[in-house]
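K.L.:
next come a sequence and a model predicted from it.
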Amino acid sequence: MNKLLSQSELDTFRAKAAASAHPRELIVDLLRAIQDHHGWVPDEGIELAAEILGLSPLQIEEIATFYDKIFRQPVGRKVIHVCDSICCWATGSEEVAGYLRRKLGIDFGETTADGAFTLLPTCCLGACGDAPAMMIGLTLYGRLTPEKIDAALEKEKSRSQESGVGSQGKTS
Amino acid sequence: MTDYPQILFKNRRPDETVFIDDFRKTGGYSGLEKAIREMTPQEVRETVKRSGLRGRGGAGFSTGLKWSFFPVDQPGEKYLVCNCDEMEPGTYKDRQLLSADPHQLIEGVILSAWALQATEAYIFIRYAYEQEARHLERAIAEARAAGYLGENILGSGWGLRIHVHRSAGRYILGEETALLNGIEGVRPNPRRKPPFPAVRGLWGRPTTINNVETLANIPHIITGGADWFKCLARSPEGAGTKLFGLSGHLNRTECFELPVGISLREVIFEVGGGIRGGKPFKACLPGGASTPYLTGEHLDVAMDFDSIAAVGSRFGTAGVTAFDADTCMVAVTLNLIRFFARESCGWCTPCRDGLSYVQWLLEELEEGRGGKEQIELLEHQRRNITGRAFCALAEGAMGPLDGLLRLFRDELEDHVRKGRCPFRA
Ligand SMILES: Cc1cc2nc3c(=O)[nH]c(=O)nc-3n(C[C@H](O)[C@H](O)[C@H](O)COP(=O)(O)O)c2cc1C
Ligand code: SF4
Ligand code: FES
């Protein structure tokens, strides 16, 4: 199993929590760091965060389950978030989603057999002028066409092979 | 296209971000220096009030008035929080500002924090803006190295720290009290008001929350003066310029800095280059997903808060999403309601249950299964939800529904009459 955090990150978070008047402030950062390493946040991640911040696992869980970019279930090496909000919808997000589903052979909520990609819908990405848009990991792609989608998938595939599991947090 | 005065976008270049050297070359940090060296915090607050600046986060509340509620003289920690959640569909201006010129926000935050005598500042930034968050961190480090941040800023004896807080998704975090819960690391439902954040905000301390664009305007108001700022607008009701994010069926879907009070016609047909494919213009959201539609009959309205309110909509964030004549407005409204229903935090019943019911009614109508009674039920829901939900998310969701019922009732009835969507083959 992949480590939940590197030793240096573990030390940094412990030091920050000890120095802070409000350690809870670190919850989202901590969950994102764990997800970055492990790909998603397993139960042990919730427990680790609780231990570092001096909270109960339930106090961590109620935050982890609120945000849609924190994953409490395994996902592929990269998550593809396809925007389905109004500007993207008006410029063809349904066709984009259809193309991705056919090309990857999966539906929304599923992961490709090789574990490379998980496909999820998302609300507006703040790329409305470049609609239709999607985000892979933390990289935004706009003005999508089938050709651009193909190129993005190729690029992300080679990137995630270099960096291995849990590369949601890396932009480049 | 006409040349519009560029204040916030004066340093914008294609695919490039300006950092401290270039920022200073064009007058960057001179607003901060002027304020600290030549003015009192109170004079800054007065100037902002006289400038007529209204918040750019959507609600359009007077910034000077908001600041006047802040207990500047109260000892102990006080916070300034910058809202860069920006998750309202159609709104992407703050990101354009940050990716062009991040120091502008940093200067605005420092100057505003000084005017309010705040002790710490937070910039709350959404998950999808990682690139911009990194630019901000670089700009903060540069500002610190140059003596604009940290202890004893410009010899004033006053110091400030700026923290960047990264979020992890969900639209409700843009609501100011949910945002405070988000920073504190508790479940980000909105908080009951009063007490307002100015009295009891972050960790129970006085807090002011302002939008990115609002804060970025402050240094310019200080260097240019309140009268200059007011005169940037085209209409007497307006003040300043505004970042308009264009989207939808327009030929040019980019973000432009335009004078407040510009007509909708000019935005759609000149700046936006008209509707794609030469089709007729049908309607637009004038200021993000929560604003009632404007149509062809509103083309001459001046785009400022009061003039748009007078025709039944809202200036909001000036995220203008346009639709061509082939667009089904029932389908548009359904898409918007789906967004709000999915993003409901679930805290209160009118929103949690009411929005999904509205979504279901619109689905029935769009699929041709709805009758006249469904339209009546939509009216009921609009009345039931408006003013009865805990925060402004549900109220905002009623914006497009209100527009649909008021302006496109014939389209709804057509769906019922034909038993299908008249816009689908
Ligand atoms: C559901 C919801 C989402 C909001 N999202 C944002 C946002 O992303 N950015 C923002 O500045 N204001 C947003 N607002 C408005 C803020 O609550 C607040 O009014 C604003 O940040 C105040 O800043 P201003 O006075 O400078 O406009 C939102 C409000 C609601 C109800
Ligand atoms: S109106 Fe909606 S988002 Fe606001 S508190 Fe109620 S359930 Fe939550
Ligand atoms: S609506 Fe898709 S990015 Fe904004």
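P.N.:
Yes, it's here. Ligands and ions are numbered 1, 2, ... in the order given.

K.L.:
got the domain boundaries for chain A?
P.N.:
A:7-66, A:78-163 (automatic domain parsing).

K.L.:
an error on my part: the question was meant for chain B.
P.N.:
As assigned by automatic domain parsing, chain B contains the domains B:20-231, B:241-324, B:329-418.

K.L.:
ok, which of those comes nearest ligand 3?
P.N.:
Closest to ligand 3 of the domains of chain B, according to C-beta to the nearest ligand atom: domain B:20-231, at 4.3 Å. For glycine as for every other residue, the C-beta is placed from the backbone atoms N, C-alpha and C.

K.L.:
is ligand 1 contacted by the closest one?
P.N.:
Yes: contact of domain B:20-231 with ligand 1 (C-beta under 6 Å from any ligand atom) involves B:55-59, B:61, B:66, B:83, B:85-88, B:171-172, B:174-176, B:209-211, B:214.

K.L.:
mind putting the domains of chain A into CSV with mean neighbour count?
P.N.:
Converted to CSV, those look like this (neighbours: other C-beta atoms under 10 Å in any protein chain shown):
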stretch, mean neighbour count
domain A:7-66, 17
domain A:78-163, 19
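
K.L.:
tell me which of the ones you listed lies nearest to residue B:408.
P.N.:
Nearest to residue B:408 among those is domain A:78-163; the distance by C-beta to C-beta comes to 15.5 Å.

K.L.:
quick check, the residue in chain A closest to chain B?
P.N.:
Nearest residue of chain A to chain B: residue A:24, at 3.3 Å (C-beta to the nearest C-beta).

K.L.:
and the gap between the residue of the stretch 101-250 of chain B found nearest chain A and ligand 1?
P.N.:
Distances between the stretch 101-250 of chain B and chain A by C-beta to the nearest C-beta are smallest at residue B:185, namely 3.3 Å. Here the criterion is C-beta to the nearest ligand atom, to the nearest Å. By it, residue B:185 lies 19 Å from ligand 1.

K.L.:
Provide the backbone phi and psi angles at that residue.
P.N.:
phi 80, psi 30 (degrees, to the nearest 10).

K.L.:
spit out the contact partners of it.
P.N.:
Applying C-beta atoms under 8 Å, 6 or more residues apart in numbering or on different chains, we find residue B:185 in contact with A:22, A:24, A:25, A:26, A:27, A:28, A:53, A:63.

K.L.:
pick the one among the residues you listed closest to ligand 1.
P.N.:
Closest to ligand 1, out of all of the contacts of residue B:185 and judged by C-beta to the nearest ligand atom, is residue A:28, at 16.4 Å.

K.L.:
give me the three-state assignment for the closest one.
P.N.:
Following DSSP: H, G, I helix; E, B strand; the rest coil, we place residue A:28 in the helix state.

K.L.:
correct me if wrong: it contacts residue B:167.
P.N.:
Yes: using C-beta atoms under 8 Å, residue A:28 is in contact with residue B:167, at 6.6 Å.

K.L.:
which residues are in contact with each of the two?
P.N.:
The contact sets of residue A:28 and residue B:167 overlap at A:67, B:182 (C-beta under 8 Å, 6+ apart).

K.L.:
ok, the longest strand along chain B near ligand 3 or not?
P.N.:
The longest strand of chain B (DSSP state E) is strand B:241-248. No: applying C-beta under 6 Å from any ligand atom, one finds strand B:241-248 separated from ligand 3 by no less than 7.1 Å.

K.L.:
now do the following helix or strand past that strand, average pLDDT.
P.N.:
Next helix or strand after strand B:241-248 toward the C-terminus (DSSP states H and E): strand B:255-259. Computed over strand B:255-259, the mean pLDDT rounds to 98.

K.L.:
re the thing from before, nearest to residue A:68, out of the domains of chain B?
P.N.:
Counting by C-beta to C-beta, residue A:68 lies closest to domain B:20-231 out of these; the figure is 4.1 Å.
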